[in-house]
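1. I would like the atomic coordinates for the input below:
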Amino acid sequence: MRATAAVSLHLFWGLGCVGSAEALGKDWKDGCPADAITTLLFTSLNLSYPGLENVKAALATGNTTAACNEVAQYYADASTAEWLRKAAPHPGTARVGGSVDAVMLNDTYDFYGEIGRVPRNKDGGLDWHDYGPVGDDEFCYALNRHFVWPGFNSAWMQTGNPEYAAAFNSQVQDWTFHNLPGPSAVSSGNTTWRTIEAGIRSGGSWPTSFFGFQNTDEFKGSTRCAMVAGMAEHGRYLHAFGDAGNSNWRSMQYNGLGMVAIALPELNHAEEWYAHAASQILADMENGVYPDGVEDEETSMYHKVALNNFDELLNDVMQSGRTPDKTMKSIVEKMYNYLAYSLDSSGYSPLNSDSDTVYNADYIRDAAETFQRSDWLFIATAGQNGTAPQGPPSAMFPWAGQLISRSGWTQGSQWSWFDVGPRGSSSHGHLDKLHISIRVGSAHLLVDSGRFSYDGTLAHYRESYGAISSGHNVLLLDGKQQVDTPAKVTVPISNDTWSIGTDQDRARASITFDGISGSATHTRSMIYQRGEFWVVVDRVVSDRNRSVQGLWHAHPNCRVSVTSDLQSVAHVVDNETHIGIDVVPMTGGTQWAKTVIINGQTTPVLQGWYSPNYGSYSPSPTVSYTGNAPAGRSTFAWLLVPTSQGTASEATGKITSVNDTHVVLEVLLRGKSVTLIADVSMEEV
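-> Have a look, this model is predicted:
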């Protein structure tokens, strides 16, 4: 028996704030969308595909209204994309509240903490080119990713309230009416048709909501036809232009193209699109993911973006009954492995380059079940479940040049992230080589300053602070920023520059500076004495006298003080846990002349700011040590000692001897003396 509940022959505009039938509906016929969209629909369908016989017959008689109704009926009855289809919920009138209701009732959107009401055009439709309350392009891009459409579906499934289905129906009509057909050339800037948005829509919000709303009368037949035409147009556009952009863009574009081909096999070029998406996304995975599993943009957040798209396509391929490439599955597993082994003991990923503060423990727990990885489960649950990984708890990713040091796997463990690798293959990379972040348990102590914003009023903070060396725990020579290190490497870092042992981790690398007069190189060697402390040795080799600045950025939740003696020890203490870290300049080397705490400075340069997530920021204490490095060889050393209960460590350290390649240090902590030898051999920059 043919289902009829999901098919409607007339246009329906829902709640008044969601659309205006009077303005837009005049161009839509009963059962069909606007003429241009109807033409697009029937030129996109393979009318010889099984199940479309009635569509073909109706068109043969010139009855496009009947043909549109048959298209809608086909999708209501078909067995395609079964994993996306949902049974209708029990009818209800409740509302879910929150952001979904804010959109449905008031056209109010919240993207990255930017909350604004999207204005409407004269014809009653939304202004899909709105920049939001702070003039941020990213607001417009997010608006056109249609994340709220699956939100409408989830709210409908939860409550059975048809208002959500009607709101979805109206938005689909609005967007397709104003934005179909798609452009014949690549669109960029503030547009509804950037390739990345087309990929995100096709890979997620469009197919999931299209199939998820099949069992409701509020999703009208004409709207279904418009959406099919729209997905066909997305396929055409992504096939033509989806090879553009950086690796995380392409992952979204290929995922979108592949999803359209898999979910709508009755489209004319579906098999061609799938073949292109599958081959190109595999090539991108092989070229854009290092053998150690790190996506080559060198940012944990965009690593996860690319991984999500790779994994979604992999899942869709398997759900559709196709056999995925084994290499694809292997690379996806390696990418999850990086996220698992880079988690801190509270389940958070590194905040490196263009990243946010992201809790990924649940994400890894789910992956552990899928891939049957008990070691990931152990990491994600802080040792409560699963099987402990073999060997020391630290991990080096030698292609990416990221050393993750830990004291253990359980809650409260010490954790650090040390960068000795390339900047990253896209503009999302920061000039942060030799930066170190330190966390102890849930306390984020020494931090990367974050990404602020790509557009709007906060973009200046990213460009002039967050993305450059000044926003990181590094040295600056003569006030200059680091050179833009190679974006990508073709070999891993040398094995003789790092080691992980039972009691100790080590790594070193070198960098020079952009626009500096003459020649100067900074080499940093880091030693982590497991469970005890970190030692950082900075060697500067210069052809002349230089000013030098050492920066240590604390989290804004920390209070920071500096002792008034000549040593100027910085005490950093988390206000909630009272866990802290002492930054102790070692004696016996080149000494610092001045130490100040900078908090929320805007002139003469930005300093002392922190952005935990896109679009948000606050003042944050930064300890600045300044001095001079004479011509020749200078050596600075730091002892970083975790503390508890807000009590100073009373630890001391001194340099006892130096030569061109090594520095001998003595650390005195809790009555115990430890002698260390740091390798400061200069590496090729």
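
2. how much space is there between the most centrally placed residue in the chain and Tyr614?
-> When C-alpha atoms, centre = their mean is applied to the chain, the residue found nearest the centroid is Met301 (2.6 Å). Note on Met301: its distance to Tyr614, by C-beta to C-beta, to the nearest Å, is 9 Å. Where you see a C-beta, it was placed from the backbone N, CA and C, and this is true even at glycine.

3. and for the two, which residues touch both?
-> Residues touching both Met301 and Tyr614 (C-beta atoms under 8 Å, 6 or more residues apart in numbering): Asp356.

4. following the helix or strand hosting Ser251, which helix or strand shows up next?
-> Per DSSP states H and E, Ser251 falls inside helix 247-263. With elements assigned by DSSP H and E, the helix or strand that comes after helix 247-263 is helix 270-288.

5. buried set for the following helix or strand past that next one?
-> Next along the chain after helix 270-288, taking DSSP H and E as the criterion, comes helix 300-319. For helix 300-319, a neighbour-count test (16 or more other C-beta atoms under 10 Å) marks 300-314, 316-317 as buried.

6. Give me the secondary structure label for the nearest residue in space to Tyr74 that is not next to it in sequence.
-> Spatial nearest neighbour of Tyr74, excluding adjacent residues (C-beta to C-beta, 6 or more residues apart in numbering): Gly51 at 5.4 Å. Using DSSP: H, G, I helix; E, B strand; the rest coil, the structure places Gly51 in coil.

7. just checking, what's the longest strand in the protein?
-> As assigned by DSSP state E, the longest strand anywhere in the chain is strand 632-643.

8. returning to that earlier point: need the pLDDT of the residue nearest to Tyr74.
-> We have a pLDDT of 97 for Gly51.

9. going forward, begin numbering at 651 instead of 1
-> All set: I'll call the first residue 651, so the last point we hit is now Gly701.

10. List the residues that contact it.
-> By C-beta under 8 Å, 6+ apart, Gly701 lies in contact with 724, 727-728, 916.

11. Next, give me the two most distant ones among those.
-> Greatest spatial distance among the contacts of Gly701 (C-beta to C-beta): Asp727 and Glu916, at 12.4 Å.

12. Please look at Glu1226 and Pro1206 and confirm they touch.
-> No - using C-beta atoms under 8 Å, Glu1226 is not in contact with Pro1206; the gap is 11.9 Å.

13. Surely Val1246 forms part of a strand?
-> Yes - counting by three-state DSSP, one finds Val1246 located in a strand.

14. Quick check: beta-bridge partners of it?
-> Ser1274 (DSSP bridges).

15. how about low-confidence regions in the stretch 751-900 of the chain?
-> 840 (pLDDT under 70).

16. give me that answer again for 80
-> For the stretch 751-900 of the chain, applying pLDDT under 80 flags the ranges 837-840.

17. Where do the strands of it begin and end?
-> 758-761, 764-767 (DSSP state E, counting those that start in this stretch).

18. CSV for those strands, including mean neighbour count and distance to Ile1118?
-> Listed next are the strands of the stretch 751-900 of the chain as CSV, based on neighbours: other C-beta atoms under 10 Å; distance: least, C-beta to C-beta, whole Å:
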stretch, mean neighbour count, distance to Ile1118
strand 758-761, 18, 26
strand 764-767, 18, 24
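
19. As CSV, these with distance to Gly1200 would be great.
-> Output for the strands of the stretch 751-900 of the chain, formatted as CSV (distance: least, C-beta to C-beta, whole Å):
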stretch, distance to Gly1200
strand 758-761, 37
strand 764-767, 35
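
20. Nearest to Gly906 among those strands would be which one?
-> Ranking those by proximity to Gly906 (C-beta to C-beta) places strand 758-761 first, at 19.8 Å.

21. other SSEs contacting that closest one?
-> Applying 3 or more C-beta pairs under 8 Å, 6 or more residues apart in numbering; DSSP states H and E, one finds that strand 758-761 contacts helix 748-756, strand 764-767, helix 787-793.

22. deepest of the ones you listed, which one?
-> Of these, the one with the most neighbours on average (mean count of other C-beta atoms under 10 Å) is helix 787-793, at a mean of 22.

23. now Gln1217, nearest residue through space, not along the chain?
-> Pro1235 (6.0 Å).

24. Backbone torsions only: list them for the one you found.
-> phi -70, psi 130 (degrees, to the nearest 10).

25. That one: how many residues sit nearby?
-> 22 (other C-beta atoms under 10 Å).

26. Verify the contact between it and Trp1288 for me.
-> Yes - with contacts counted by C-beta under 8 Å, Pro1235 reaches Trp1288, the gap being 6.1 Å.

27. Run through who's touching the strand or helix carrying Ala1328.
-> According to DSSP H and E, Ala1328 maps onto strand 1322-1329. Here strand 1322-1329 makes contact (C-beta under 8 Å, 6+ apart) with 1156, 1158, 1175, 1177, 1179, 1182, 1185, 1187, 1287, 1306, 1311-1318.

28. could you pull out the strands for the stretch 951-1100 of the chain?
-> Going by DSSP E, counting those that start in this stretch, the stretch 951-1100 of the chain shows strands at 1045-1047, 1052-1056, 1064-1069, 1086-1090, 1093-1096.

29. Let me have those strands in a markdown table, extended by mean pLDDT.
-> Shown next, in a markdown table, are those (pLDDT from 0 to 100):
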| stretch | mean pLDDT |
| --- | --- |
| strand 1045-1047 | 98 |
| strand 1052-1056 | 98 |
| strand 1064-1069 | 98 |
| strand 1086-1090 | 98 |
| strand 1093-1096 | 98 |
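
30. Could I get those in TSV, plus columns for mean neighbour count?
-> Compiled in TSV, the strands of the stretch 951-1100 of the chain are given as follows (neighbours: other C-beta atoms under 10 Å):
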stretch	mean neighbour count
strand 1045-1047	23
strand 1052-1056	25
strand 1064-1069	26
strand 1086-1090	25
strand 1093-1096	25
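
31. which intervals of the chain have sub-threshold pLDDT?
-> Within the chain, the stretches with pLDDT under 80 are 651-684, 837-840.

32. can you rerun that using 70?
-> Along the chain, the parts satisfying pLDDT under 70 run over 651-682, 840.

33. coming back round to it: of all the contacts of Gly701, which comes closest to Cys875?
-> Tyr724 (10.3 Å).

34. which residues does that closest one contact?
-> Contact analysis of Tyr724 by C-beta under 8 Å, 6+ apart lists 701-702, 704-705, 916.

35. rewinding a little: taking strand 1282-1293 as reference, get the angle to the strand holding Ala1328.
-> For strand 1322-1329 against strand 1282-1293, the angle by axes from the mean of the first three to the mean of the last three C-alpha atoms, to 10 degrees is 140 degrees.
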